[in-house]
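Asks: Next comes the sequence, and after it the predicted model I'd like to discuss.
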Amino acid sequence: MKQSRTWMAIVACGVGLGAMAQGEVLQALSARPVEGAARMKSDDGVHRYFNYLFDTLRIPLMDDFSIDRTRKRNVTEDDPGVSLDHTRYHLEVGGVSTPGMRYMTDTTYHTVIDASDPPVTVRTPLPSVLVTVWDLSVYPPTSTVVEGWPAYNIRDSLSAPPPDTIHIPTPSLVQDSLLVYAVPPAGGTYMMNNVPTPLILWQEDDVYINGTYPVDPPTIGVATFDGLARTGYPYDFENYTSHGRADKLTSVPIDLEYPASDSIYLSFFYQAKGLSGDTFPQVIDSLLLEFYAPDEHTWYRSWGIPYVDQAPFQQVLVPITQTRFLKPGFQFRFVNYATLSGSFDHWHLDYVRLGRQRTYNDVRIVDVAWVMPEASILQTYTAIPFNQFQAAPGSAMALQVNERIRNLDINDRLIEYGMTAVNEEGGPFIDVVNGVSPNGNAASIISSTHPINSAPNFFVFDNTASSDVAFHDVRFLAEATPDINLYNDTMRLTQELSNYYAYDDGSAEMGYSLNSAGAKLAYRFDLVGPDSLRAVRMYFNPIANQPPDPGPWQGSFLLTVWSSLSPEVIQHQNFSFSSPEYRMDGIGKFVEYPLDSAIRVEGTIYVGWVQTNPVKMNLGFDRNRNNRTRIFYKTTGSFQNTSFNGSLMMRPVMVAAEDPWAGSGEEQHPGRLLIFPNPATDAVRIALADGLVAGLRVECIDATGRIVRNERLNGTAMMRTTDVANGLYVLRVLDQDGRLQAQGRMVVQH
């Protein structure tokens, strides 16, 4: 069994790593639901396989993951271009398949009973056939041939004709089918060395393309390998310590028909851990590189490394010399071995290059790139309310921002950098040059300073074309000649001015918790001017706490607003209890928790909660923007600052004439779920306060996060609980697209 991974650090009481005490906890995420994940997981009982087709590429090839070049495997049979190619049946006899085929793998009989005195019984085996059994769980399906008998017995009593055919209710072999659909190549192009290249380089999308998880990557954007499947859910949610083969990143077919003398090398950068995942290096958590031999239809391991401690990115060069690989249809893939129950054991991959005429020390990359993404050019915040910005636009803007540019070349480069900005609704287009790189920048990171509301730019967002809400497109540009990759030269952000304050960048690298009843969490906001606070938005990650700890959704808190922490002055506290809720329709989606009534706020306020039980609730924690001095918690004694560098994903929401949250069609606060009887014994009926609609399904989740029931709501809206163990459960009602409609708690007592 693997070492426990839950506790990254508990420091409030000065206890050591891995201990359990009343304090604060920072832990790895257990899910990262991607948009459309619910549709990917839906099951209507029909077996389908989508055969994705790909263009064959030629070298040189490269990918620095500054844009996503993976193939999104989320089509349906109704999507444009998708066509039914053929149907593969599970059972086949003599080359023929029919829908009603049913066979036994044990002999069945024709039994004749003669009621003479004495009675005579004669049992004769029914004729057998050779059945080809296709395994539809893999593609292409594999087959075995077995001997099969009819799935019935015949009983023939001579005194009471005709014979009786007695069908066997659970045959060994039952006909099934797999619908195989053809999905055409995705299309699109990617500019490499100013030459258009097919966009898609990777056959699947198991990995997470992002710019926030690594530490100082070669370029902006990496491919992250962990224990989460392509849906963003764990490969094995039920077994907390399960371990095995996890993500893979497989290239499309490549024409590699070249002589070994052409000196073909594959190179890449890798890093373990980063800002995400856990902190336990274990040799079984490895990253592997495999090559495909087309003529042999076989994958060979070509490189690998066990899990290592945090370190800068390392570049690896692997020669391809064996004739078995130098063929049309060659492929390569990266695979990680990891804990399969969450976002643990991270590897980050960057700048993959495959080319000819290279050498073992060919590390030169003639490229200049941004290192990490930017989230805001405001002073302190990543977002503030529109009306507060308009009241004091100059003080809301940052004086300057510092961004990092990496020169990957081994030679000095002349790099010009600047910024553009424009209101998406119209207005002046700002285009400024902010500087030129210093000398001595070969193979190094350069700090670039971009004046915002300071000389010579004195830039302030122009909201003339906007009313109540504004979105500004901001881009940072780095230019150098020559430059083999233009995609990593532009860093883009959308600056939102609407109805909330935020410190975070919208990406959770970890989950933050307090683990004691009565604990208090307070987040400081210094308001630009007086306003009316109506809600707090929070991002809770659907983490499965380590058994036997209860699931985070069993946490309970009172939403609280303080005007002072010393002395402690509570300005508002909800009467009703709240619990962590999750949106499963995309990464980093917030849930809004309304105040019982809007309150007037000004100056400095603190928003957060008073916890009513010791359950760890796993609030999203952004490790790229450090607002540690604004995060306070209290378990005993007085409030104190957190021990972790980062920002909570918690955002106070003000009353506003226009609310993009409400107008975007995104999932809102779940409705009320009625469950009766509760406690339940044999069954419960489920109702929504707003009424049931077609296509709903219900999930029943136990205290470990395991889904014990997942079924569609029928006309009676009844769910049986006879096979559900005693205990506390969360019931979640989802629509056909996986959006949460209602949530409630159920107690089962037999």
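Replies: Arrived safely.

Asks: Have a look at the chain and report the helix or strand with the lowest mean pLDDT.
Replies: helix 37-41 (a mean of 55; mean pLDDT, DSSP states H and E).

Asks: How many residues are close by residue 478?
Replies: Neighbourhood size, residue 478 [other C-beta atoms under 10 Å]: 24. Quick note: C-beta positions are derived from backbone N, CA and C, even for glycine.

Asks: just to confirm, which helix or strand has it in it?
Replies: Assigned by DSSP states H and E, residue 478 belongs to strand 470-479.

Asks: and after the least confident helix or strand of the chain, which helix or strand comes next?
Replies: Next along the chain after helix 37-41, taking DSSP H and E as the criterion, comes strand 47-52.

Asks: For that next one, C-alpha coordinates in CSV please.
Replies: Extracted C-alpha coordinates of strand 47-52, given in CSV (Å, rounded to 0.1, in the frame of the first residue of the first chain):
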residue,chain,number,x,y,z
HIS,A,47,-22.0,0.3,-27.1
ARG,A,48,-20.3,2.8,-29.4
TYR,A,49,-16.7,3.2,-30.6
PHE,A,50,-15.5,6.3,-32.4
ASN,A,51,-12.6,5.5,-34.7
TYR,A,52,-10.7,8.8,-35.0
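
Asks: List the buried residues of that strand.
Replies: Across strand 47-52, burial judged by 16 or more other C-beta atoms under 10 Å covers 49, 50, 52.

Asks: Looks like the first one contacts residue 183 (just checking).
Replies: I take that to be residue 49. No. In this structure, residue 49 is not within contact of residue 183 by C-beta atoms under 8 Å, at 10.2 Å.

Asks: circling back: so which of the buried residues of strand 47-52 would you say is closest to residue 82?
Replies: Residue 82 has its nearest neighbour among those in residue 50, at 7.2 Å by C-beta to C-beta.

Asks: picking up where we left off before, pLDDT and distance to residue 108 added to the buried residues of strand 47-52, as JSON lines?
Replies: Below are these laid out as JSON lines (pLDDT from 0 to 100; distance: C-beta to C-beta, whole Å):
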{"residue": "49", "pLDDT": "93", "distance to residue 108": "33"}
{"residue": "50", "pLDDT": "94", "distance to residue 108": "38"}
{"residue": "52", "pLDDT": "95", "distance to residue 108": "43"}
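
Asks: Give me the phi and psi for residue 630.
Replies: Per-residue torsions, residue 630: phi -100, psi 0 (degrees, to the nearest 10).

Asks: who's in contact with the residue nearest to residue 310 when sequence neighbours are not counted?
Replies: Of all residues not flanking residue 310 in the chain, residue 273 sits nearest, at 4.7 Å (C-beta to C-beta, 6 or more residues apart in numbering). By C-beta atoms under 8 Å, 6 or more residues apart in numbering, the contact set of residue 273 is 279, 309, 310, 346.

Asks: how about the last one, what does it touch?
Replies: By C-beta under 8 Å, 6+ apart, the contact set of residue 346 is 213, 224, 225, 226, 272, 273, 274, 276, 277.

Asks: ok, 6 Å please
Replies: Residues near residue 346 by C-beta atoms under 6 Å, 6 or more residues apart in numbering: 224, 226, 273, 274, 276, 277.

Asks: Low-confidence ranges, the stretch 401-550 of the chain, go.
Replies: 543-545 (pLDDT under 70).

Asks: What are the boundaries of the strands in it?
Replies: 416-423, 430-436, 444-451, 470-479, 490-498, 510-514, 520-526, 531-538 (DSSP state E, counting those that start in this stretch).

Asks: Looking at those, spot the one closest to residue 624.
Replies: When those are ranked by proximity to residue 624, the top entry is strand 510-514, at 11.1 Å, counting by C-beta to C-beta.

Asks: Tell me the one of the contacts of residue 346 nearest residue 709?
Replies: Using C-beta to C-beta, these come closest to residue 709 at residue 226, 27.8 Å.

Asks: hang on, isn't that closest one packed against residue 343?
Replies: Yes. Counting by C-beta atoms under 6 Å, residue 343 is a contact partner of residue 226 at 4.7 Å.

Asks: Separate out the buried members of the contacts of residue 273.
Replies: So, by 16+ other C-beta under 10 Å, the buried ones in these are residue 346.

Asks: I'd like the contacts of residue 273 as a markdown table, with pLDDT appended.
Replies: Converted to a markdown table, these look like this (pLDDT from 0 to 100):
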| residue | pLDDT |
| --- | --- |
| 279 | 75 |
| 309 | 85 |
| 310 | 84 |
| 346 | 93 |
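
Asks: SS state for residue 274?
Replies: coil (DSSP: H, G, I helix; E, B strand; the rest coil).

Asks: Show the contacting residues for residue 57.
Replies: Applying C-beta under 6 Å, 6+ apart to residue 57 gives the contacts 198, 252, 254.

Asks: What backbone torsions are found at the nearest residue in space to the first one that is not next to it in sequence?
Replies: Spelled out, that is residue 198. Excluding its sequence neighbours, the residue lying closest to residue 198 (C-beta to C-beta, 6+ apart) is residue 55, at 4.7 Å. With angles defined as degrees, to the nearest 10, residue 55 sits at phi -70, psi 140.

Asks: Pretty sure residue 55 sits against residue 199.
Replies: No. Taking contacts as C-beta under 6 Å, residue 55 lies outside contact range of residue 199: 9.5 Å.
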